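# Here is the input, now give the coordinates:
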Amino acid sequence: MLKEYYKDNLDAYEAKSEIQKLSFYPMMFQSARVMFTTGILNEVYKKRRKGISPKEIVEILDLPYYGVNTLLETGLTIGLVYLKGENLYSITKMGFHLLFDEATRVNMNFTHDVCYKALFHLEESIRTESAAGLKEIGINDKTIYPHLSELEEPYKKSWFDFDHYYSDRAFPEALKIVFKDKPKHMLDIGGNTGKWSIACCNHDADVKMTIVDLGAQWNAAQENIKNLGLENRIFGKVGDVLSHDLELPQDADAIWMSQFLDCFSEPQIEHILTNINNKMHKDTTIYIQDLFWDRQKDFAAAYSLHGTSLYFTTVANGNSKMYHSRDMIKIINKVGLEVVEDIDEVGEFHTILKCRRKK
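Below is the predicted model of the structure:
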């Protein structure tokens, strides 16, 4: 249970040791990343049975001995490598996961490319409730959202890889949950590149989809839709969900929001859900799929979500985060909706809150 981790259960010596490690986390993160990008860790992996010396790696990769030796020694402390013999390095289980685990690679690229420099502005963001670090990825605006399709590389690839990795894993199970009720017309609010709408059309030959999103996102989605010949089944409604006069199609029998509401502050979420409730018909079902840190089955997942909250603080908009499920459910109830089904571990990390208008 996660609650076991949220206790002051270290003795004084352990606490001092852990806080000293925290002091150097940024340096250790970069060391691990560079061991990966330079190929040093991969060479250690290839010679894992006998072990490999720094000198051998220097000869293979044509890197300076100083740098290779320094990173390998740091890798001992991080736990990526261990000594198999005198100055002979082999790979640890952690090092193996850094090399081959997709989630680790996606998270590290996102942290480095999108968040690392931006987090220098964390205190300013906290004090001003604004995305003060957004300028570090070349955007001079209040939020990242209107600019996602025009991000420069490597920011763009790292952002979309991160976003899609988690949402895509949930799609197969989520499709089964949503299509139990056989919806005929679904609103995909915050549809981004159109992946969910496309998946729905591939899953059910009769469903029609309407993506509700900003203009830049709809343009990107529209290109994907045309390439697949789905223009007659997936439509677009361009608009800002924070607008007070956004009109929504009223004939939809299902509304889908995935990894969407966490992009907004609590008052904004209340506004969005109120507007949806006012515009939908009485039998419409709302599916909110999101990542709640209290619903994760292990500490590493919750830890990652708390880190992601700091991305929202410094880069995305300055006022949203990864929420505790109780906070989201409280807003749902406040606007006249109720959760009729609550499903955890969808695609391992997500929760789906199936909601309807209160009777």
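
# Please count neighbours and contacts with C-alpha atoms only from this point.
OK.

# Quick check: which ranges of this protein have low pLDDT?
For the chain, the stretches with pLDDT under 70 are 1, 3-5.

# mind redoing it with 50?
Applying pLDDT under 50 to the chain flags no residue at all.

# tell me the secondary structure for the residue nearest the centre of it?
For the chain, the residue sitting closest to the mean C-alpha position, by CA atoms, centre = their mean, is Asp163 at 4.7 Å. Assigned by DSSP: H, G, I helix; E, B strand; the rest coil, the conformation of Asp163 is helix.

# Thr193 versus that one, what's the distance?
Distance of Asp163 to Thr193, given as CA to CA, to the nearest Å: 11 Å.

# again with Thr104
For Thr104, the distance to Thr193 equals 23 Å [CA to CA].

# Tell me which of those two has more neighbours.
With neighbours defined as other CA atoms under 10 Å, Thr104 and Thr193 compare such that Thr193 has more, 23 against 13.

# Grab the nearest non-local neighbour of Ser197.
Met209 (6.1 Å; CA to CA, 6 or more residues apart in numbering).

# which phi and psi does that neighbour have?
The phi/psi pair for Met209 (degrees, to the nearest 10) reads phi -120, psi 150.

# give me the beta-bridge partners of it?
Under DSSP bridges, the beta-bridge partners of Met209 are Met186, Ile234.

# Count the neighbours of it for me.
26.

# residue ranges of the strands in the stretch 1-150 of the chain, please?
Using DSSP state E, counting those that start in this stretch, the strands of the stretch 1-150 of the chain run over 81-85, 88-91.

# Can you tell me which of the ones you listed is packed in deepest?
Counting by mean count of other CA atoms under 10 Å, strand 88-91 has the highest mean neighbour count of the strands of the stretch 1-150 of the chain, with a mean of 24.

# Just the CA atoms of that strand, as PDB, please.
Output of strand 88-91 as PDB, limited to C-alpha atoms (Å, rounded to 0.1, in the frame of the first residue of the first chain):
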ATOM      1  CA  LEU A  88      36.300  -4.400 -14.200                       C
ATOM      2  CA  TYR A  89      32.700  -3.200 -14.400                       C
ATOM      3  CA  SER A  90      29.500  -5.200 -15.000                       C
ATOM      4  CA  ILE A  91      25.900  -4.000 -15.200                       C
END
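
# Determine the set of other helices and strands touching it.
helix 40-46, strand 81-85 (3 or more CA pairs under 8 Å, 6 or more residues apart in numbering; DSSP states H and E).

# which residues are in contact with it?
41, 44-45, 47-54, 72, 80-84 (CA atoms under 8 Å, 6 or more residues apart in numbering).

# Repeat the analysis, applying 10 Å as the threshold.
41-56, 72-73, 75-76, 79-84 (CA atoms under 10 Å, 6 or more residues apart in numbering).

# May I see the buried residues of stretch 344-356?
Residues of stretch 344-356 classed as buried: Asp344, Val346, Gly347, Phe349, His350, Thr351, Ile352, Leu353, Lys354, Cys355, Arg356 (neighbour count, 16 or more other CA atoms under 10 Å).

# with the residues you listed in mind, which one is nearest to Glu270?
Cys355 (14.3 Å; CA to CA).

# ok, the strand or helix carrying that closest one: who's next to it in the sheet?
Mapping Cys355 onto the secondary structure by DSSP states H and E places it in strand 350-357. Using DSSP bridges, strand 350-357 pairs in its sheet with strand 285-290 (antiparallel), strand 337-346 (antiparallel).

# right, so those: which one is the most enclosed?
Taking mean count of other CA under 10 Å, strand 285-290 is the most buried of those, at a mean of 24.

# how about the CA coordinates for it, as PDB?
The C-alpha trace of strand 285-290 is given here as PDB (Å, rounded to 0.1, in the frame of the first residue of the first chain):
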ATOM      1  CA  THR A 285     -22.200   9.100 -20.000                       C
ATOM      2  CA  ILE A 286     -18.900  10.900 -19.200                       C
ATOM      3  CA  TYR A 287     -15.700   8.900 -19.000                       C
ATOM      4  CA  ILE A 288     -12.800  10.600 -17.200                       C
ATOM      5  CA  GLN A 289      -9.600   8.700 -17.600                       C
ATOM      6  CA  ASP A 290      -6.700  10.000 -15.600                       C
END
